[in-house]
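Novice: Provided below for reference: sequence and predicted model.
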Amino acid sequence: MVVSNRLPVDRVTAHDGTPSWKPSPGGLVTALEPVMRRNHGAWIGWTGVADDPIEPFESDGLRLFPLTLSEQEVEQYYEGFSNDTLWPLYHDVIAQPKYAREWWEAYSRVNERFADRAAEVAEQDGTVWVQDYQLQLVPRLLRERRPDLTIGFFNHIPFPAYGLYSQLPWRQQIVEGLLGADLIGFQRRADAGNFLRAVRRLFHMPTTHNRVELLPAGAGRWPNSGSEKPRSVVARHFPISIDTKAYVDLASSEAVRRRAEEIRHDLGDPSTIMLGVDRLDYTKGIGHRFTAYAELLAEGKLDVNDTVLMQVASPSRERVESYKALRDEIELTVGRVNGDYGTIRHSAISYLHHGYPREEMVAMFLAADIMLVTALRDGMNLVAKEYVASRVDDDGVLVLSEFAGAADELKQALLVNPHDIEGVKRAILHAVHMPRSERRQRMRALRARVVEHDVARWSQDFLDALAVIRPSASTRELAETD
Ligand code: G6P
(Lines give C-alpha, C1' and ligand atoms only; values in the text may rest on other atoms or scores of the structure.)
Protein backbone atom coordinates (compact mmCIF):
# COMPACT_ATOMS: atom_id res chain seq x y z
CA MET A 1 0.00 0.00 0.00
CA VAL A 2 1.22 3.45 -0.88
CA VAL A 3 0.48 6.57 1.16
CA SER A 4 1.32 9.86 -0.56
CA ASN A 5 0.01 13.40 -0.41
CA ARG A 6 -1.53 13.11 -3.86
CA LEU A 7 -3.40 10.31 -5.52
CA PRO A 8 -2.13 9.53 -9.03
CA VAL A 9 -5.18 11.35 -10.41
CA ASP A 10 -6.47 14.87 -9.72
CA ARG A 11 -10.12 15.81 -9.60
CA VAL A 12 -11.08 18.39 -12.23
CA THR A 13 -14.41 20.04 -12.89
CA ALA A 14 -15.31 21.24 -16.41
CA HIS A 15 -17.00 24.62 -17.03
CA ASP A 16 -20.41 22.90 -17.20
CA GLY A 17 -19.77 21.31 -13.78
CA THR A 18 -18.96 17.80 -15.04
CA PRO A 19 -16.32 16.19 -12.80
CA SER A 20 -13.52 14.01 -14.18
CA TRP A 21 -9.94 12.94 -13.37
CA LYS A 22 -6.61 13.90 -14.89
CA PRO A 23 -3.08 12.63 -14.12
CA SER A 24 -1.47 14.42 -11.16
CA PRO A 25 1.62 16.58 -11.69
CA GLY A 26 5.18 15.78 -10.69
CA GLY A 27 7.73 13.04 -10.57
CA LEU A 28 6.41 11.06 -7.60
CA VAL A 29 3.21 9.98 -9.28
CA THR A 30 4.89 9.42 -12.66
CA ALA A 31 7.29 7.00 -11.03
CA LEU A 32 4.97 5.09 -8.72
CA GLU A 33 1.92 4.66 -10.89
CA PRO A 34 3.23 1.86 -13.16
CA VAL A 35 4.58 -0.03 -10.14
CA MET A 36 1.26 0.16 -8.32
CA ARG A 37 -0.80 -0.80 -11.37
CA ARG A 38 1.28 -3.92 -11.86
CA ASN A 39 0.71 -4.92 -8.22
CA HIS A 40 -2.98 -4.04 -7.93
CA GLY A 41 -1.93 -1.82 -5.05
CA ALA A 42 -4.00 0.33 -2.70
CA TRP A 43 -3.20 4.04 -2.64
CA ILE A 44 -4.17 6.61 -0.02
CA GLY A 45 -3.91 10.27 -1.02
CA TRP A 46 -5.60 13.59 -1.60
CA THR A 47 -7.58 14.44 -4.75
CA GLY A 48 -5.99 17.87 -5.21
CA VAL A 49 -9.26 19.70 -4.39
CA ALA A 50 -10.29 21.08 -0.97
CA ASP A 51 -13.45 19.89 0.80
CA ASP A 52 -14.17 17.21 -1.77
CA PRO A 53 -15.28 13.99 -0.06
CA ILE A 54 -15.06 11.01 -2.42
CA GLU A 55 -15.66 7.33 -1.70
CA PRO A 56 -12.87 4.82 -2.39
CA PHE A 57 -12.90 3.65 -6.02
CA GLU A 58 -11.00 1.50 -8.51
CA SER A 59 -9.16 2.93 -11.47
CA ASP A 60 -7.33 0.75 -14.01
CA GLY A 61 -6.21 -1.88 -11.52
CA LEU A 62 -5.57 0.58 -8.68
CA ARG A 63 -7.58 0.82 -5.46
CA LEU A 64 -7.75 4.49 -4.56
CA PHE A 65 -8.66 5.76 -1.09
CA PRO A 66 -9.20 9.54 -1.28
CA LEU A 67 -8.50 11.57 1.84
CA THR A 68 -10.35 14.86 2.18
CA LEU A 69 -8.48 18.05 3.12
CA SER A 70 -10.34 21.16 4.24
CA GLU A 71 -9.60 24.55 2.65
CA GLN A 72 -7.64 25.49 5.78
CA GLU A 73 -5.63 22.27 5.72
CA VAL A 74 -4.73 22.89 2.08
CA GLU A 75 -3.51 26.36 3.02
CA GLN A 76 -1.58 25.40 6.13
CA TYR A 77 -0.42 21.82 5.62
CA TYR A 78 0.04 21.69 1.82
CA GLU A 79 0.73 25.24 0.63
CA GLY A 80 2.17 26.35 3.96
CA PHE A 81 4.31 23.83 5.81
CA SER A 82 4.95 21.42 2.90
CA ASN A 83 5.59 23.93 0.16
CA ASP A 84 6.59 27.16 1.89
CA THR A 85 8.64 25.64 4.74
CA LEU A 86 9.96 22.18 3.90
CA TRP A 87 10.28 22.56 0.12
CA PRO A 88 12.55 25.64 0.20
CA LEU A 89 14.47 24.37 3.25
CA TYR A 90 15.14 20.96 1.66
CA HIS A 91 16.18 22.66 -1.59
CA ASP A 92 19.04 24.53 0.07
CA VAL A 93 16.97 27.65 0.90
CA ILE A 94 16.89 28.84 -2.73
CA ALA A 95 13.77 30.64 -1.48
CA GLN A 96 13.42 31.71 2.15
CA PRO A 97 11.52 29.08 4.20
CA LYS A 98 8.78 30.39 6.50
CA TYR A 99 8.51 28.90 9.96
CA ALA A 100 4.92 29.31 11.17
CA ARG A 101 3.69 27.47 14.24
CA GLU A 102 0.10 27.13 13.02
CA TRP A 103 1.40 25.50 9.80
CA TRP A 104 3.36 22.98 11.85
CA GLU A 105 0.24 22.16 13.88
CA ALA A 106 -1.77 21.62 10.70
CA TYR A 107 1.04 19.45 9.26
CA SER A 108 1.01 17.28 12.41
CA ARG A 109 -2.79 16.96 12.35
CA VAL A 110 -2.95 16.04 8.69
CA ASN A 111 -0.12 13.51 9.10
CA GLU A 112 -2.20 11.93 11.91
CA ARG A 113 -5.19 11.71 9.58
CA PHE A 114 -3.10 9.96 6.92
CA ALA A 115 -1.74 7.57 9.56
CA ASP A 116 -5.26 6.86 10.90
CA ARG A 117 -6.53 6.07 7.43
CA ALA A 118 -3.53 3.88 6.59
CA ALA A 119 -3.97 2.02 9.90
CA GLU A 120 -7.61 1.32 8.97
CA VAL A 121 -6.98 0.17 5.43
CA ALA A 122 -3.70 -1.81 5.66
CA GLU A 123 -4.07 -5.56 5.91
CA GLN A 124 -2.62 -7.53 8.82
CA ASP A 125 1.21 -7.77 8.57
CA GLY A 126 1.09 -5.74 5.37
CA THR A 127 3.71 -3.46 3.89
CA VAL A 128 3.06 0.26 3.73
CA TRP A 129 5.23 2.54 1.66
CA VAL A 130 4.96 6.19 2.70
CA GLN A 131 6.09 8.84 0.20
CA ASP A 132 7.80 12.17 0.40
CA TYR A 133 8.26 15.29 2.52
CA GLN A 134 4.56 16.03 3.04
CA LEU A 135 4.20 12.90 5.23
CA GLN A 136 7.37 12.59 7.28
CA LEU A 137 5.53 12.05 10.57
CA VAL A 138 3.44 9.17 9.20
CA PRO A 139 5.97 6.33 9.69
CA ARG A 140 6.13 6.79 13.46
CA LEU A 141 2.42 7.52 13.86
CA LEU A 142 1.60 4.43 11.85
CA ARG A 143 3.98 2.21 13.82
CA GLU A 144 2.31 3.34 17.06
CA ARG A 145 -1.08 2.39 15.63
CA ARG A 146 -0.06 -0.79 13.82
CA PRO A 147 3.16 -2.42 15.09
CA ASP A 148 2.47 -5.43 12.84
CA LEU A 149 3.18 -3.44 9.67
CA THR A 150 6.41 -3.23 7.72
CA ILE A 151 6.94 0.44 6.92
CA GLY A 152 9.08 1.98 4.18
CA PHE A 153 9.54 5.67 3.49
CA PHE A 154 10.93 7.30 0.35
CA ASN A 155 11.99 10.93 0.18
CA HIS A 156 11.68 12.16 -3.42
CA ILE A 157 13.40 15.47 -2.78
CA PRO A 158 16.88 16.23 -1.39
CA PHE A 159 17.62 15.99 2.33
CA PRO A 160 19.65 19.07 3.29
CA ALA A 161 22.98 19.31 5.07
CA TYR A 162 22.63 19.56 8.85
CA GLY A 163 23.74 23.20 8.87
CA LEU A 164 20.57 24.06 6.98
CA TYR A 165 18.28 21.38 8.38
CA SER A 166 19.02 22.57 11.91
CA GLN A 167 17.12 25.81 11.17
CA LEU A 168 13.87 23.88 11.40
CA PRO A 169 12.21 24.50 14.78
CA TRP A 170 10.68 20.99 14.55
CA ARG A 171 13.86 19.24 13.44
CA GLN A 172 13.63 16.60 16.17
CA GLN A 173 10.03 15.67 15.60
CA ILE A 174 10.58 15.18 11.87
CA VAL A 175 13.55 12.86 12.36
CA GLU A 176 11.61 10.91 15.00
CA GLY A 177 8.73 10.64 12.56
CA LEU A 178 10.96 9.21 9.85
CA LEU A 179 12.66 6.76 12.22
CA GLY A 180 9.29 5.05 12.61
CA ALA A 181 10.09 3.39 9.25
CA ASP A 182 12.13 0.21 8.84
CA LEU A 183 13.79 1.55 5.70
CA ILE A 184 14.21 5.18 4.63
CA GLY A 185 15.10 5.71 0.98
CA PHE A 186 16.75 8.79 -0.51
CA GLN A 187 17.64 9.77 -4.06
CA ARG A 188 21.37 10.35 -3.60
CA ARG A 189 24.03 8.88 -1.35
CA ALA A 190 24.66 12.43 -0.06
CA ASP A 191 21.00 12.79 1.04
CA ALA A 192 21.18 9.60 3.12
CA GLY A 193 24.47 10.86 4.59
CA ASN A 194 22.86 14.17 5.56
CA PHE A 195 19.99 12.37 7.25
CA LEU A 196 22.26 10.04 9.23
CA ARG A 197 24.27 13.03 10.38
CA ALA A 198 21.07 14.71 11.60
CA VAL A 199 20.25 11.53 13.56
CA ARG A 200 23.67 11.58 15.23
CA ARG A 201 23.60 15.28 15.96
CA LEU A 202 20.07 15.39 17.32
CA PHE A 203 19.86 12.15 19.29
CA HIS A 204 23.49 11.12 19.86
CA MET A 205 22.49 7.78 18.43
CA PRO A 206 25.19 5.58 16.95
CA THR A 207 24.98 4.90 13.22
CA THR A 208 27.09 2.29 11.50
CA HIS A 209 27.39 2.51 7.72
CA ASN A 210 23.75 3.12 6.78
CA ARG A 211 22.05 1.69 9.86
CA VAL A 212 20.70 3.38 12.98
CA GLU A 213 20.43 1.21 16.07
CA LEU A 214 17.54 2.75 17.97
CA LEU A 215 18.43 3.23 21.60
CA PRO A 216 16.18 1.76 24.27
CA ALA A 217 13.40 4.06 25.45
CA GLY A 218 14.65 7.00 27.47
CA ALA A 219 18.35 6.48 26.58
CA GLY A 220 20.30 9.40 25.15
CA ARG A 221 17.92 11.92 23.71
CA TRP A 222 15.67 9.31 22.17
CA PRO A 223 12.15 9.92 23.42
CA ASN A 224 10.60 6.64 22.36
CA SER A 225 7.82 5.74 24.72
CA GLY A 226 8.74 2.28 25.78
CA SER A 227 6.61 -0.59 24.53
CA GLU A 228 8.59 -0.95 21.31
CA LYS A 229 11.18 -3.71 20.93
CA PRO A 230 14.72 -2.60 20.02
CA ARG A 231 15.07 -2.33 16.27
CA SER A 232 17.27 -0.80 13.65
CA VAL A 233 16.47 1.48 10.75
CA VAL A 234 18.33 1.54 7.46
CA ALA A 235 18.77 4.79 5.52
CA ARG A 236 20.27 4.56 2.04
CA HIS A 237 19.97 5.80 -1.50
CA PHE A 238 17.71 4.27 -4.15
CA PRO A 239 17.77 6.58 -7.21
CA ILE A 240 14.28 6.63 -8.67
CA SER A 241 13.59 6.13 -12.36
CA ILE A 242 10.88 6.02 -15.02
CA ASP A 243 8.85 3.45 -16.91
CA THR A 244 11.51 3.41 -19.65
CA LYS A 245 9.67 0.97 -21.92
CA ALA A 246 6.57 3.17 -22.04
CA TYR A 247 8.74 6.03 -23.38
CA VAL A 248 10.57 3.77 -25.83
CA ASP A 249 7.27 2.43 -27.17
CA LEU A 250 5.79 5.89 -27.62
CA ALA A 251 8.93 7.25 -29.25
CA SER A 252 8.95 4.32 -31.66
CA SER A 253 5.37 4.92 -32.79
CA GLU A 254 4.75 6.38 -36.21
CA ALA A 255 2.19 8.89 -34.88
CA VAL A 256 4.61 10.36 -32.32
CA ARG A 257 7.44 10.53 -34.86
CA ARG A 258 5.17 12.38 -37.28
CA ARG A 259 4.11 14.74 -34.51
CA ALA A 260 7.80 15.47 -33.74
CA GLU A 261 8.36 16.46 -37.37
CA GLU A 262 5.26 18.64 -37.24
CA ILE A 263 6.58 20.42 -34.13
CA ARG A 264 9.91 21.13 -35.85
CA HIS A 265 8.04 22.43 -38.86
CA ASP A 266 5.74 24.63 -36.76
CA LEU A 267 8.79 26.13 -35.08
CA GLY A 268 10.08 27.15 -38.53
CA ASP A 269 12.41 24.18 -39.15
CA PRO A 270 15.33 25.77 -37.28
CA SER A 271 18.69 23.98 -37.21
CA THR A 272 18.67 23.86 -33.40
CA ILE A 273 15.71 23.32 -31.09
CA MET A 274 16.48 23.54 -27.40
CA LEU A 275 13.92 22.36 -24.90
CA GLY A 276 13.18 22.92 -21.22
CA VAL A 277 10.36 21.02 -19.46
CA ASP A 278 9.68 21.84 -15.83
CA ARG A 279 7.03 22.52 -13.28
CA LEU A 280 7.17 26.29 -12.88
CA ASP A 281 9.32 26.08 -9.74
CA TYR A 282 12.21 28.23 -8.48
CA THR A 283 14.33 25.12 -7.95
CA LYS A 284 14.45 24.43 -11.68
CA GLY A 285 16.82 27.25 -12.69
CA ILE A 286 14.63 28.36 -15.62
CA GLY A 287 15.83 31.96 -15.29
CA HIS A 288 19.51 30.87 -15.33
CA ARG A 289 18.88 28.98 -18.56
CA PHE A 290 17.23 32.03 -20.14
CA THR A 291 20.13 34.26 -19.10
CA ALA A 292 22.70 31.97 -20.72
CA TYR A 293 20.64 31.70 -23.91
CA ALA A 294 19.95 35.44 -24.14
CA GLU A 295 23.66 36.23 -23.72
CA LEU A 296 24.55 33.83 -26.54
CA LEU A 297 22.03 35.61 -28.77
CA ALA A 298 23.37 39.01 -27.73
CA GLU A 299 26.95 37.94 -28.47
CA GLY A 300 25.94 36.61 -31.90
CA LYS A 301 27.04 33.08 -30.97
CA LEU A 302 23.49 31.86 -31.59
CA ASP A 303 21.17 33.25 -34.24
CA VAL A 304 17.43 33.54 -33.65
CA ASN A 305 16.81 32.73 -37.32
CA ASP A 306 17.96 29.18 -36.87
CA THR A 307 17.66 28.54 -33.10
CA VAL A 308 14.70 28.40 -30.77
CA LEU A 309 14.27 27.58 -27.09
CA MET A 310 10.97 25.88 -26.37
CA GLN A 311 10.10 26.12 -22.67
CA VAL A 312 7.23 24.12 -21.22
CA ALA A 313 6.51 25.45 -17.72
CA SER A 314 3.62 23.54 -16.22
CA PRO A 315 1.54 25.43 -13.65
CA SER A 316 2.39 24.52 -10.05
CA ARG A 317 1.41 25.62 -6.51
CA GLU A 318 -0.06 28.78 -7.93
CA ARG A 319 -1.36 30.22 -4.66
CA VAL A 320 2.03 30.16 -2.90
CA GLU A 321 3.61 33.66 -2.94
CA SER A 322 7.10 32.58 -4.06
CA TYR A 323 5.57 30.73 -7.02
CA LYS A 324 3.49 33.75 -8.02
CA ALA A 325 6.60 35.92 -7.90
CA LEU A 326 8.56 33.38 -9.96
CA ARG A 327 5.89 33.29 -12.64
CA ASP A 328 5.97 37.07 -12.96
CA GLU A 329 9.76 37.06 -13.16
CA ILE A 330 9.93 34.27 -15.77
CA GLU A 331 7.20 35.75 -17.94
CA LEU A 332 8.82 39.20 -17.78
CA THR A 333 12.10 37.63 -18.93
CA VAL A 334 10.39 35.76 -21.80
CA GLY A 335 8.83 39.04 -22.93
CA ARG A 336 12.15 40.85 -22.75
CA VAL A 337 14.17 38.19 -24.56
CA ASN A 338 11.56 37.88 -27.30
CA GLY A 339 11.27 41.67 -27.56
CA ASP A 340 15.03 42.13 -27.77
CA TYR A 341 15.97 39.25 -30.08
CA GLY A 342 12.79 38.06 -31.84
CA THR A 343 11.89 38.87 -35.43
CA ILE A 344 8.50 38.90 -37.14
CA ARG A 345 9.16 35.30 -38.25
CA HIS A 346 10.98 33.93 -35.22
CA SER A 347 10.54 34.09 -31.48
CA ALA A 348 13.65 33.41 -29.41
CA ILE A 349 11.67 31.57 -26.71
CA SER A 350 8.50 29.62 -27.35
CA TYR A 351 6.93 29.67 -23.88
CA LEU A 352 4.09 27.31 -22.97
CA HIS A 353 2.45 27.56 -19.57
CA HIS A 354 0.58 24.21 -19.76
CA GLY A 355 0.91 20.57 -18.87
CA TYR A 356 0.83 18.15 -21.84
CA PRO A 357 -0.11 14.50 -22.28
CA ARG A 358 2.78 12.08 -22.40
CA GLU A 359 2.52 11.47 -26.20
CA GLU A 360 3.01 15.17 -26.84
CA MET A 361 5.93 15.33 -24.41
CA VAL A 362 7.68 12.46 -26.17
CA ALA A 363 7.14 14.18 -29.53
CA MET A 364 8.77 17.31 -28.07
CA PHE A 365 11.69 15.24 -26.75
CA LEU A 366 12.18 13.74 -30.21
CA ALA A 367 12.00 17.15 -31.83
CA ALA A 368 14.56 18.72 -29.49
CA ASP A 369 18.24 18.65 -30.42
CA ILE A 370 19.25 19.80 -26.96
CA MET A 371 17.51 19.25 -23.63
CA LEU A 372 18.31 21.80 -20.92
CA VAL A 373 17.99 20.67 -17.30
CA THR A 374 19.53 23.44 -15.21
CA ALA A 375 17.97 22.80 -11.77
CA LEU A 376 19.60 24.63 -8.85
CA ARG A 377 18.65 21.67 -6.66
CA ASP A 378 16.50 18.67 -7.60
CA GLY A 379 15.90 15.32 -5.90
CA MET A 380 16.24 13.40 -9.17
CA ASN A 381 14.72 15.18 -12.22
CA LEU A 382 12.85 12.54 -14.12
CA VAL A 383 12.52 14.75 -17.20
CA ALA A 384 16.24 14.16 -17.88
CA LYS A 385 15.58 10.40 -17.87
CA GLU A 386 12.43 10.77 -19.98
CA TYR A 387 14.39 12.66 -22.64
CA VAL A 388 17.06 9.98 -22.77
CA ALA A 389 14.51 7.15 -22.87
CA SER A 390 12.67 8.85 -25.74
CA ARG A 391 15.78 9.21 -27.94
CA VAL A 392 15.41 5.82 -29.61
CA ASP A 393 17.38 7.34 -32.52
CA ASP A 394 20.49 7.68 -30.26
CA ASP A 395 20.56 11.38 -31.03
CA GLY A 396 20.09 14.58 -29.01
CA VAL A 397 22.26 16.14 -26.30
CA LEU A 398 21.39 16.39 -22.63
CA VAL A 399 22.75 19.39 -20.72
CA LEU A 400 22.30 18.47 -17.07
CA SER A 401 22.82 20.29 -13.80
CA GLU A 402 25.19 18.62 -11.38
CA PHE A 403 22.72 19.62 -8.64
CA ALA A 404 20.04 17.25 -9.95
CA GLY A 405 20.11 13.71 -8.52
CA ALA A 406 20.15 12.38 -12.10
CA ALA A 407 23.73 13.69 -12.48
CA ASP A 408 25.00 10.83 -10.29
CA GLU A 409 23.90 8.37 -12.97
CA LEU A 410 23.78 10.27 -16.27
CA LYS A 411 27.46 11.00 -16.43
CA GLN A 412 27.71 11.18 -20.23
CA ALA A 413 25.46 14.25 -20.26
CA LEU A 414 27.13 17.67 -20.48
CA LEU A 415 27.19 18.41 -16.75
CA VAL A 416 26.92 22.05 -15.72
CA ASN A 417 26.86 24.24 -12.64
CA PRO A 418 23.81 26.41 -13.45
CA HIS A 419 25.14 29.28 -11.33
CA ASP A 420 28.13 29.47 -13.67
CA ILE A 421 26.47 31.22 -16.61
CA GLU A 422 29.66 31.13 -18.71
CA GLY A 423 29.86 27.38 -18.10
CA VAL A 424 26.23 26.90 -19.19
CA LYS A 425 26.90 28.97 -22.33
CA ARG A 426 29.94 26.82 -23.14
CA ALA A 427 27.90 23.64 -22.66
CA ILE A 428 25.13 24.96 -24.95
CA LEU A 429 27.66 25.79 -27.67
CA HIS A 430 29.34 22.42 -27.21
CA ALA A 431 25.93 20.79 -27.65
CA VAL A 432 25.06 22.88 -30.72
CA HIS A 433 28.32 21.99 -32.47
CA MET A 434 28.70 18.41 -31.23
CA PRO A 435 29.42 15.97 -34.09
CA ARG A 436 26.88 13.22 -34.71
CA SER A 437 29.36 10.51 -33.68
CA GLU A 438 29.88 12.06 -30.22
CA ARG A 439 26.13 12.59 -29.78
CA ARG A 440 25.51 8.95 -30.62
CA GLN A 441 28.23 7.70 -28.31
CA ARG A 442 27.00 9.75 -25.35
CA MET A 443 23.31 9.02 -25.92
CA ARG A 444 23.93 5.26 -26.20
CA ALA A 445 25.68 5.22 -22.85
CA LEU A 446 22.92 7.31 -21.25
CA ARG A 447 20.24 5.06 -22.70
CA ALA A 448 21.92 1.91 -21.46
CA ARG A 449 21.69 3.27 -17.91
CA VAL A 450 18.02 4.26 -18.15
CA VAL A 451 17.01 1.02 -19.85
CA GLU A 452 18.67 -1.10 -17.20
CA HIS A 453 17.68 1.01 -14.19
CA ASP A 454 13.99 1.61 -14.74
CA VAL A 455 11.31 2.27 -12.16
CA ALA A 456 10.38 -1.40 -11.80
CA ARG A 457 13.94 -2.11 -10.75
CA TRP A 458 13.88 0.85 -8.35
CA SER A 459 10.78 -0.35 -6.55
CA GLN A 460 12.00 -3.95 -6.54
CA ASP A 461 15.33 -2.90 -5.02
CA PHE A 462 13.54 -0.89 -2.33
CA LEU A 463 11.02 -3.61 -1.48
CA ASP A 464 13.70 -6.33 -1.47
CA ALA A 465 15.80 -4.27 0.95
CA LEU A 466 12.74 -3.73 3.12
CA ALA A 467 12.02 -7.47 3.20
CA VAL A 468 15.59 -8.18 4.33
CA ILE A 469 15.42 -5.64 7.17
CA ARG A 470 12.06 -6.85 8.34
CA PRO A 471 11.28 -10.38 7.26
CA SER A 472 7.66 -11.09 6.38
CA ALA A 473 5.19 -11.94 9.14
CA SER A 474 5.30 -15.66 8.36
CA THR A 475 9.11 -15.83 8.62
CA ARG A 476 8.93 -13.78 11.82
CA GLU A 477 6.46 -16.18 13.38
CA LEU A 478 8.65 -19.16 12.45
CA ALA A 479 11.63 -17.46 14.02
CA GLU A 480 9.67 -16.72 17.19
CA THR A 481 8.42 -20.32 17.61
CA ASP A 482 11.93 -21.74 16.98
C1 G6P B 1 7.57 16.84 -6.66
C2 G6P B 1 7.33 16.22 -5.29
C3 G6P B 1 6.00 15.49 -5.25
C4 G6P B 1 4.89 16.40 -5.74
C5 G6P B 1 5.21 16.95 -7.12
C6 G6P B 1 4.16 17.92 -7.65
O7 G6P B 1 7.77 15.83 -7.60
O8 G6P B 1 8.39 15.36 -4.94
O9 G6P B 1 5.71 15.05 -3.94
O10 G6P B 1 3.66 15.71 -5.78
O11 G6P B 1 6.45 17.63 -7.05
O12 G6P B 1 3.92 18.94 -6.74
P13 G6P B 1 2.47 19.16 -6.10
O14 G6P B 1 2.68 20.15 -5.02
O15 G6P B 1 1.65 19.68 -7.24
O16 G6P B 1 1.98 17.84 -5.61
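Specialist: Okay, I see it.
Novice: which residues of the stretch 201-350 of the chain score low on pLDDT?
Specialist: 217-228 (pLDDT under 70).
Novice: tell me which parts of it are close to the ligand?
Specialist: 316-317 (CB under 6 Å from any ligand atom). Using the backbone N, CA and C atoms, a C-beta is placed for each residue, glycine as well.
Novice: switch to 8 Å and redo it
Specialist: Residues of the stretch 201-350 of the chain found near the ligand (CB under 8 Å from any ligand atom) are 279, 281, 316-317.
Novice: Which ones among these map onto strands?
Specialist: Of those, the ones assigned to strands by DSSP state E are residue 279.
Novice: Among the residues of the stretch 201-350 of the chain next to the ligand, which one has the most neighbours?
Specialist: With neighbours set by other CB atoms under 10 Å, the maximum within these is found at residue 281, which has 24 neighbours.
Novice: That one touches residue 316, doesn't it?
Specialist: Yes: under the criterion of CB atoms under 8 Å, residue 281 makes contact with residue 316 at 5.7 Å.
Novice: And for the residue nearest to residue 377 when sequence neighbours are not counted, the neighbour number?
Specialist: Leaving aside its sequence neighbours, residue 377 sits nearest to residue 91 (CB to CB, 6 or more residues apart in numbering; 4.3 Å). A count of neighbours around residue 91, defined by other CB under 10 Å, yields 23.
Novice: Contacts only, for residue 91.
Specialist: Each residue near residue 91 by CB atoms under 8 Å, 6 or more residues apart in numbering is listed here: 157-158, 160, 283, 376-378.
Novice: go with 10 Å
Specialist: Taking CB atoms under 10 Å, 6 or more residues apart in numbering, we find residue 91 in contact with 97, 157-158, 160, 164, 281-283, 375-379, 403.
Novice: Let me know the pLDDT of residue 457.
Specialist: For residue 457, the pLDDT comes out at 94.
Novice: who's in contact with the host helix or strand of it?
Specialist: Using DSSP states H and E, residue 457 maps to helix 455-469. Residues from elsewhere that reach helix 455-469 (CB under 10 Å, 6+ apart): 30-36, 38-39, 127, 129, 150-152, 154, 181-183, 185, 211, 231-234, 236, 238-246, 382, 385, 453-454, 475.
Novice: Just the ones of the residues you listed in strands?
Specialist: Using DSSP E, the subset of these located in strands is 127, 129, 150-152, 154, 183, 185, 211, 232-234, 236.
Novice: Buried subset of the residues you listed, written for ChimeraX?
Specialist: Entered in ChimeraX, the line below selects the buried ones among these, by 16 or more other CB atoms under 10 Å:
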select :127,129,150,151,152,154,183,185,233,234,236
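Novice: Show me which of the ones in strands among the contacts of helix 455-469 is closest to the ligand.
Specialist: Nearest to the ligand out of the ones in strands among the contacts of helix 455-469 is residue 154 (CB to the nearest ligand atom; 9.9 Å).
Novice: OK, now which residue of this protein is nearest to the ligand?
Specialist: Nearest residue of the chain to the ligand, counting by CB to the nearest ligand atom: residue 26, 2.4 Å away.
Novice: who's in contact with that residue?
Specialist: Taking CB under 10 Å, 6+ apart, one finds 5-6, 132, 156, 279, 281, 314, 316, 382 in contact with residue 26.
Novice: and if you look at residue 21?
Specialist: By CB under 10 Å, 6+ apart, residue 21 lies in contact with 7-12, 47-48, 57, 59, 64.
Novice: Most neighbours among the residues you listed, which one?
Specialist: Neighbour counts for the contacts of residue 21, by other CB under 10 Å, peak at residue 7, which reaches 25 neighbours.
Novice: That one - nearest residue in space that isn't next to it in sequence?
Specialist: Nearest non-adjacent residue to residue 7, counting by CB to CB, 6+ apart: residue 45, 3.8 Å away.
Novice: what about the helix or strand encompassing residue 332, distance to the chain center?
Specialist: For residue 332, the host element (DSSP H and E) is helix 321-341. How far helix 321-341 lies from its chain's middle: 24 Å, per CA atoms, centre = their mean, to the nearest Å.
Novice: who's in contact with the helix or strand following it?
Specialist: Going down the chain from helix 321-341, the next helix or strand is strand 349-352, by DSSP H and E. With CB under 10 Å, 6+ apart as the contact definition, strand 349-352 has outside contacts at 263, 266-268, 273-277, 286, 289-290, 293-294, 297, 304, 308-314, 330-331, 333-338, 341-342, 364.
Novice: Next step: the contacts of residue 21 restricted to helices.
Specialist: For those, not one is inside helices, with DSSP state H as the criterion.
Novice: among the residues you listed, which are within reach of the ligand?
Specialist: Answer for the contacts of residue 21 near the ligand (CB under 8 Å from any ligand atom): residue 48.
Novice: Narrow the contacts of residue 21 to those in strands?
Specialist: Counting by DSSP E, those place 9-12, 57, 59, 64 in strands.
Novice: could I get those as TSV with distance to residue 397 and pLDDT?
Specialist: Putting these into TSV (distance: CB to CB, whole Å; pLDDT from 0 to 100) gives the following:
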residue	distance to residue 397	pLDDT
9	34	90
10	33	90
11	39	89
12	36	90
57	44	93
59	38	85
64	39	95
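Novice: got a list of what residue 272 touches?
Specialist: Contacts of residue 272 by CB under 10 Å, 6+ apart are 302-303, 306-309, 368-370, 428, 431-433.
Novice: For residue 122, grab the count of nearby residues.
Specialist: Residues near residue 122, counting by other CB under 10 Å: 22.
Novice: Could you do the one 10 residues further on as well?
Specialist: Taking other CB under 10 Å as the neighbour definition, residue 132 ends up with a count of 21.
Novice: how far away is the closest residue to it other than its chain neighbours from residue 86?
Specialist: Excluding its sequence neighbours, the residue lying closest to residue 132 (CB to CB, 6+ apart) is residue 156, at 4.8 Å. Distance, residue 156 to residue 86, using CB to CB, to the nearest Å: 12 Å.
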